[in-house]
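Q: need a structure here:
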Amino acid sequence: MSAAAVAVVLATTLPSAAFEIFGWRFFEPETPQELGIVDPLYYTVNLDVVGGDAELTKAMNAASSLVSDVKQPVSGSLGLLTKARGDWKQLVAALFEQARYDGLVNIRIAGQPIENLPPDAEFGDGPVPVSIVIEPGEKYVLGDVVLKGDAANLSPAEVGLVPGGNAGSLTILNAERDVVRRLQAEGHPLAKVGKREVIADHPSHTVEVSLSVDAGPVADYGPTTVQGTNTMDPEFTAYMADLPEGQRYSPKDLDDARDRLMALGVFNSVAVRQASALNTAGQIPIDIAVTERKMRYFGFGATYSSIDGGGIEGYWGHRNLFGHAESLRLEGAISGIGRDSDLTDAGQLDYNAAIMFEKPGVLGPPSKFTAKLKTVFEHPDAYDRFATGGSVGLTYDFNKVHSVSAGVSVDYERITDAFVTNKDYLLASVPLQYVFDNRDSKLNPTKGFRVLAFAEPTYDWLNGTTFLKMRGEGSTYLSLDSADRIILAGRLAGGSIVGASLEDVPADRRFYAGGGGSVRGYAYQGVGPKDSDGVPIGGLSYAEGSLEARLAITDTIGIVPFVDAGTVSLDEVPDFSSVKVGAGVGLRYVTPFGPLRIDAAVPLNRSEGDPSFGIYAGIGQSF
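A: Residues are numbered from 1 along each chain as shown. The predicted structure is shown next:
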């Protein structure tokens, strides 16, 4: 395993230990005094569920703050008693969530039931033993369910209330929210549950539910006000929320408005709230409260592959240049470090620099204008390339699922490959793209699928060549259990270039396969046709496929066995005569910004010149 990969694992999986650099201490546990705890008192805790139900025991442990906070001291004997009494309420509520309405929770501190302890009880210096014994009782089911008022025409089963079904308190509360949400979706912003009757019948172990719902009037949006902006223009913020006055109210619009504002990248938090009453015009006013992020940012990162070497990158950006969420980003990267045996030859490293500008809302709130200037000097196995150019484009999101983009790009390139030496190109292209994406998460999806269709007509002004590059990709995700701990993920991709011969298509525009984002186990560009010296020459078509089983071992650690396959062909249609297959296993460590990924793979039908194995590290799932 590479040193870089080892560093990722150590940084994210080993127990914390304090260390000091230049006077700064890192990973040092906070002391009770630093936590603001007076008269710190430690305790031990044992939680036992009578009957030993594993799932119920897990739920009770998760609900107990005495269990989750056992390593943190409380503030004296009074602090322990207060925490225990609060825990009792939490555990009873957790039993209700599990439809255990006659369950009992018994908590003892130093052998004494907490209901018998006076407020001034003293427990000594600690650690004080705490015992929690839970008698869960029988599990209740739903009995008669009645929806009244403006929800009388709605079937209880439509909102998850089925006689004989789950009677947990969360099921009932979720049904209430569903009923209200359905009425709100019909334009009733003030819909509410007027009266709730929930009766647990202990002899029959059933729960009877009666909900009376008041829809309230149908209303349109009123004025939108914005609070909390500093550098952002509040009027532009309201414009991007896209809740125009006079449009019929819908709760989905409020959700979309929040997501759209968060996607600007300017705000730390966004709350979109409706008023509690209609205004004099019979409209529902909307209030948006935001907090802004720091406008300037910078950072750096590193990647490593045992085949392709290491890389470093840095960037600087501004999130809000002129008050309308215009963003500017400057970035640079050096890669291929250690790829060749001569580490001192800087001319064999890859360099990349770019300036990117984005402006949202140019053709309505769902649109975004982009512009980019870039310079690249790279040396993959297939070619050496220097390129500089620029592009402009427009992206339009029809909704959360469908989006399209179009642009114009002009690039000057000088390329050396198996066919040409220092050949110049001046390429004008029009990239067009459509994406359908209904995945439940972009970072770590568990269901849904994503489809991409891409077409790029290109004209070479210096050589008079015209060609069309087309590419399609689809991925799907299926959860095999209710807890989403076993996910099957599959990906298929393919493409074709028509209108020109392989020699006339610039080497960087051809198709290649192999590497960490393609067929793992093989080198980058290592799958496909090669010249007599074993150098990749690319192809006019390709096809790839991947299958992964994403297995969650813990809440943060996962194992991913996978199989990849791919081929690159000289013809405009893949012939599948030389499909390469790689297989391996990966480690995932889940973080708030996406899974950290380390994959190890071997080629299953290795040819001369192919590596024996490959190790890849990165951020995010492979697809």
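
Q: Dump stretch 443-463 to PDB, restricted to CA.
A: The C-alpha trace of stretch 443-463 is given here as PDB (Å, rounded to 0.1, in the frame of the first residue of the first chain):
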ATOM      1  CA  LEU A 443     -22.200  11.600  -2.300                       C
ATOM      2  CA  ASN A 444     -23.300   8.100  -1.100                       C
ATOM      3  CA  PRO A 445     -26.400   6.900  -3.000                       C
ATOM      4  CA  THR A 446     -28.500   4.000  -1.800                       C
ATOM      5  CA  LYS A 447     -31.300   4.100  -4.400                       C
ATOM      6  CA  GLY A 448     -32.200   5.600  -7.700                       C
ATOM      7  CA  PHE A 449     -30.300   6.000 -10.900                       C
ATOM      8  CA  ARG A 450     -28.400   8.500 -13.000                       C
ATOM      9  CA  VAL A 451     -28.300   8.800 -16.800                       C
ATOM     10  CA  LEU A 452     -26.000  11.100 -18.800                       C
ATOM     11  CA  ALA A 453     -26.100  11.700 -22.500                       C
ATOM     12  CA  PHE A 454     -23.300  13.800 -24.000                       C
ATOM     13  CA  ALA A 455     -22.600  15.000 -27.600                       C
ATOM     14  CA  GLU A 456     -19.800  17.300 -28.800                       C
ATOM     15  CA  PRO A 457     -19.500  18.300 -32.400                       C
ATOM     16  CA  THR A 458     -15.900  19.600 -33.100                       C
ATOM     17  CA  TYR A 459     -14.100  21.400 -35.900                       C
ATOM     18  CA  ASP A 460     -10.400  21.600 -36.300                       C
ATOM     19  CA  TRP A 461      -9.600  25.000 -37.900                       C
ATOM     20  CA  LEU A 462      -6.000  24.200 -38.600                       C
ATOM     21  CA  ASN A 463      -6.500  20.800 -40.200                       C
END
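
Q: Buried ones in that stretch, by neighbour count?
A: For stretch 443-463, burial by neighbour count (16 or more other Cβ atoms under 10 Å) applies to 444-446, 448-450, 454, 456, 458, 460. Where C-beta positions appear, they are placed from N, C-alpha and C, glycine not excepted.

Q: Stretch 231-249 now?
A: 232-234, 236-243, 249.

Q: could the buried residues of stretch 443-463 go into a markdown table alongside distance to residue 59?
A: Shown next, in a markdown table, are the buried residues of stretch 443-463 (distance: Cβ to Cβ, whole Å):
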| residue | distance to residue 59 |
| --- | --- |
| 444 | 23 |
| 445 | 26 |
| 446 | 21 |
| 448 | 28 |
| 449 | 32 |
| 450 | 34 |
| 454 | 46 |
| 456 | 53 |
| 458 | 58 |
| 460 | 64 |
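
Q: Show me which pair in these is furthest apart.
A: 446 and 460 (44.1 Å; Cβ to Cβ).

Q: Give me the residue at the spatial middle of this structure.
A: Centroid-nearest residue in the chain: residue 443, 2.8 Å away (criterion: Cα atoms, centre = their mean).

Q: Now tabulate the buried residues of stretch 231-249 in JSON lines and tack on distance to residue 204 and pLDDT.
A: As requested, the buried residues of stretch 231-249 are exported to JSON lines (distance: Cβ to Cβ, whole Å; pLDDT from 0 to 100):
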{"residue": "232", "distance to residue 204": "58", "pLDDT": "96"}
{"residue": "233", "distance to residue 204": "61", "pLDDT": "97"}
{"residue": "234", "distance to residue 204": "57", "pLDDT": "97"}
{"residue": "236", "distance to residue 204": "59", "pLDDT": "97"}
{"residue": "237", "distance to residue 204": "55", "pLDDT": "97"}
{"residue": "238", "distance to residue 204": "54", "pLDDT": "97"}
{"residue": "239", "distance to residue 204": "57", "pLDDT": "97"}
{"residue": "240", "distance to residue 204": "54", "pLDDT": "97"}
{"residue": "241", "distance to residue 204": "50", "pLDDT": "97"}
{"residue": "242", "distance to residue 204": "51", "pLDDT": "96"}
{"residue": "243", "distance to residue 204": "48", "pLDDT": "97"}
{"residue": "249", "distance to residue 204": "42", "pLDDT": "97"}
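
Q: Return the member of those nearest to residue 372.
A: Taking those together and measuring to residue 372 by Cβ to Cβ, the closest member is residue 240, at 22.3 Å.

Q: got the contact list for the helix or strand hosting that closest one?
A: Assigned by DSSP states H and E, residue 240 belongs to helix 234-241. Helix 234-241 has contacts (Cβ atoms under 8 Å, 6 or more residues apart in numbering) with 224-226, 229, 257, 260-261, 264, 272, 286, 288, 290, 323-325, 360-361, 365.
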